[in-house]
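S.K.: prediction below, plus the sequence it came from.
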Amino acid sequence: MKKFFALALVFLSIFAVAACDGEEENGDQAHVDEARERLVLAAQLDDVKNDINLPTELGNYPDVTIEWSSSNTDVVAADGTVTRPEPGEGNINVTLTATLTYNDATAERQYALTVIEAIEENLKDDFSALYEESPMGDIVTLQGVVTSRFSGGAFLYDGDTHMAIYDAPNYDIQDLVALGDEIKYTGEFAKYNTLYQATARENYEVLESGVSYDVSPQEMDIEAMYDFDPSGDDKDVHGKHFIVEGMITIKGDNDNIYIEDVNSDKQLEVYYYSLQNSLDALEAREGDLVKLEVVYYTLYTSGDIRVIFQGGDSDIEDVEADLQTQLNADINQLEGTYTDGEAVTLPSTGGNGTEFTGWTSSDDTILADDGSFVAAPTSLTTVTFTGTASLGDLSETVTYEVSVMGSEATAINDVYAQEDGSLAQVEGIVYSLFNGGFFFFDGTDSIAVYNGTDISESEVAIGDEVSVLGSLTNYYTLPQLENVESLEVLSTGNDANVPVTTGQTPSDLAALDAENNPNVHGKVYEITGTVAIRGDYSNVFIDDDSTDDSVMIYYQGPGASISELEAVEGSNITLEVIYYTNHDSNGVMAIYQGGADGYTVNN
């Protein structure tokens with residue numbers, strides 16, 4: 001009997017171990033299968049023109065190894081290096097296989113690629129002639145020496161003139177080339193504001209490194225830089241190097257860095273795609289008067305010149321300012337403020353010691369001379385305080401403006417007629433969120449608010465009644481409120497009741513004169529067309545069934561809704577979209593936010 005029980009225990013132990021081993025093996029396989037489903041290639045697989053980053057590990061699965069193999073290593077190597085077919089050879093299909101391993105468990109995932117044949121070189125090494133030619137949309141090969149870099153791009157120099165490259169959709173050319181590299185860069189000739197550039201990289205090649213060059217930076221007042229005509233006779237100003245003096249300030253919804261001319265009202269906006277270490281160096285000098293070298297990038301739609309700074313701490317010089325310059329700098333910091341019913345603290349002392357005294361109000365029925373609040377105006381009103389700025393034996397009369405919010409908002413239709421940069425106070429109900437802002441409706445018209453906030457972090461929700469105080473700007477044809485001073489939610493859970501214009505096509509939207517009819521922006525249109533995905537960014541388009549017109553679904557709209565459209569690529573659908581803007585390059589852009597239930601597939 002004892003032997004029987006002993007044998008039974010042995011068999012049970014063997015069975016238990018085998019069962020545990022089986023469970024462990026099943027767990028390993030499930031783990032590696034899960035990792036396989038998370039493996040994504042960051043490339044447009046049907047339009048491969050550049051090397052592909054092939055991950056060898058996954059962030060959430062560090063214990064899973066990944067090995068790659070290729071069906072044609074002459075075209076796509078196992079490390080992702082791409083060798084495109086020669087012109088005339090045609091495109092080549094290649095299959096990449098990823099083998100994932102965890103302990104003894106493995107899984108495979110295959111990716112079908114189409115490698116696009118190379119194109120005949122259209123060499124452009126005379127940039128001055130290229131400016132004159134301006135072959136928009138053509139594939140060109142620029143040859144020049146890298147003289148400045150920024151995140152996503154660089155400027156090339158042919159010995160006389162500069163030309164930009166913007167490395168969409170790769171955005172890594174700044175890491176692949178160095179100052180002094182002579183390179184060839186093949187891409188599409190395009191324009192960004194006043195800046196001409198090659199973009200959408202087809203190919204690049206470093207011909208030689210360590211090439212000497214002389215860009216001869218020119219010392220210039222910031223105000224004088226605005227005398228250039230970058231859209232006309234001075235296209236070649238882009239990429240030129242200048243040495244300027246000014247005060248470093250940080251402001252705006254996105255905390256952009258500016259170099260302010262202390263002797264005028266002009267300023268340079270430092271391009272936020274300047275290299276990060278350069279931006280960090282400038283941020284550390286906020287409020288300082290400095291001299292530094294910058295590169296002219298573009299005249300932006302805001303009216304400010306954007307420049308690149310590519311130096312570090314040691315490239316920023318302190319400026320010994322005389323008394324007049326210090327006084328001017330303090331005066332330039334008087335940027336004004338707003339109030340919605342509170343007393344205003346008037347400036348008393350500047351950063352350089354300037355004293356501000358003797359303030360008097362232009363309307364003491366609204367704000368008293370000491371800044372105390374008296375009564376609200378009916379509509380948004382600017383009260384101007386006049387005072388004296390004194391430093392040493394110098395003194396000047398100065399003004400300080402305060403925007404006082406009114407008891408009644410301005411109709412959005414009236415805001416359209418205001419000057420760019422002017423403040424507007426409006427109210428309405430939010431009915432659309434996008435990454436960067438929202439649309440709201442006042443019962444008659446709509447306007448966008450741009451505050452740089454992602455949908456997931458938005459301060460408002462659809463159905464919120466809001467009051468907004470912001471500056472009127474334009475994004476292409478879109479009127480919007482930016483640099484928001486005040487945003488207040490007045491109530492929640494409202495229905496905006498924005499009317500829908502039905503029975504439209506992409507061609508109908510393309511025919512709208514958005515530039516001269518601002519009230520089309522934010523309108524809701526029901527359109528019918530075919531879903532297509534194309535371009536370097538794999539954007540979603542609704543193509544017209546009868547013409548070449550299309551509506552691009554704005555890529556900053558709700559991502560989940562865009563994904564739903566991607567899932568019905570090739571289908572003819574009817575859907576509601578919100579007119580966003582008419583973009584110089586992309587045409588009509590619209591927001592889709594209807595999700596899976598917001599469209600109908602037509603038979």
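M.R.: The structure has been received and is ready for your questions. Residues are numbered from 1 along each chain as shown.
S.K.: average pLDDT across stretch 251-260?
M.R.: For stretch 251-260, mean pLDDT rounds to 88.
S.K.: I misspoke; the intended subject was stretch 576-593.
M.R.: Mean predicted lDDT for stretch 576-593 stands at 95.
S.K.: in it, what's buried?
M.R.: 576-582, 586-593 (16 or more other CB atoms under 10 Å). Just so you know, the C-beta spots here come from the backbone N, C-alpha and C atoms, and that holds for glycine as well.
S.K.: so how far is it from its chain's centroid?
M.R.: Its chain's C-alpha centre and that of stretch 576-593 lie 16 Å apart, by CA atoms, centre = their mean, to the nearest Å.
S.K.: just name the shakiest helix or strand of this structure by mean pLDDT.
M.R.: Using mean pLDDT, DSSP states H and E, helix 2-38 stands out as the lowest-scoring helix or strand of the chain, at a mean of 62.
S.K.: next helix or strand past that helix?
M.R.: The first helix or strand that comes after helix 2-38 along the chain, using DSSP states H and E, is strand 65-70.
S.K.: what lies in contact with stretch 498-511?
M.R.: Stretch 498-511 has contacts (CB atoms under 8 Å, 6 or more residues apart in numbering) with 431, 441, 446, 522-529, 542-547, 549-551, 576, 579, 587-588, 590.
S.K.: so where is the chain shaky, pLDDT-wise?
M.R.: 1-25, 536 (pLDDT under 70).
S.K.: mind checking which of the buried residues of stretch 576-593 land in strands?
M.R.: Using DSSP state E, the subset of the buried residues of stretch 576-593 located in strands is 576-582, 587-591.
S.K.: one step back: among the contacts of stretch 498-511, which lie within strands?
M.R.: 431, 441, 446, 524-529, 542-543, 550-551, 576, 579, 587-588, 590.
S.K.: just the buried subset of those residues, please.
M.R.: 431, 441, 446, 524-525, 527-529, 542-543, 550-551, 576, 579, 587-588, 590.
S.K.: list just the nearest of the ones in strands among the buried residues of stretch 576-593 to Asp104.
M.R.: Ile591 (49.6 Å; CB to CB).
S.K.: next, Asn352: phi, psi?
M.R.: phi -100, psi 10 (degrees, to the nearest 10).
S.K.: residues near the nearest residue to it once chain neighbours are set aside, how many?
M.R.: Of all residues not flanking Asn352 in the chain, Gln326 sits nearest, at 3.8 Å (CB to CB, 6 or more residues apart in numbering). Residues lying near Gln326 (other CB atoms under 10 Å) number 20.
S.K.: hang on, Gln326 in a helix?
M.R.: Yes - assessed with DSSP: H, G, I helix; E, B strand; the rest coil, Gln326 lies in a helix.
S.K.: list the contacts of it.
M.R.: 352-354, 391.
S.K.: in strands only, show me those residues.
M.R.: Leu391.
S.K.: just the buried subset of the contacts of Gln326, written out for PyMOL, thanks.
M.R.: A single PyMOL command selects the buried members of those (16+ other CB under 10 Å):
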select buried, resi 352+354+391
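S.K.: from the contacts of Gln326, which is closest to Ile562?
M.R.: Using CB to CB, Asn352 is the member of those that sits closest to Ile562, with 51.0 Å.
S.K.: quickly note the distance from Asn93 to Glu86.
M.R.: As judged by CB to CB, to the nearest Å, Asn93 and Glu86 stand 16 Å apart.
S.K.: do the same with Tyr450
M.R.: Taking CB to CB, one finds Tyr450 at 46 Å from Glu86.
S.K.: which one's more surrounded, the two?
M.R.: Each of Tyr450 and Glu86 has its neighbours counted (other CB under 10 Å); Tyr450 has more, 20 against 10.
S.K.: who does Lys191 bridge with?
M.R.: Tyr196 (DSSP bridges).
S.K.: might one say that it is in contact with Pro135?
M.R.: No - using CB atoms under 8 Å, Lys191 is not in contact with Pro135; the gap is 11.2 Å.
S.K.: which of those two has more residues huddled nearby?
M.R.: More crowded of Lys191 and Pro135, by other CB under 10 Å: Lys191, with 15 against 12.
S.K.: and the more buried one, what is it in contact with?
M.R.: Applying CB under 8 Å, 6+ apart to Lys191 gives the contacts 136, 197, 584-585.
S.K.: let me have the residues you listed in TSV, extended by distance to Asp454.
M.R.: As requested, those are exported to TSV (distance: CB to CB, whole Å):
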residue	distance to Asp454
Met136	33
Gln197	27
Asp584	25
Ser585	24
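S.K.: fine by me, we can end here.
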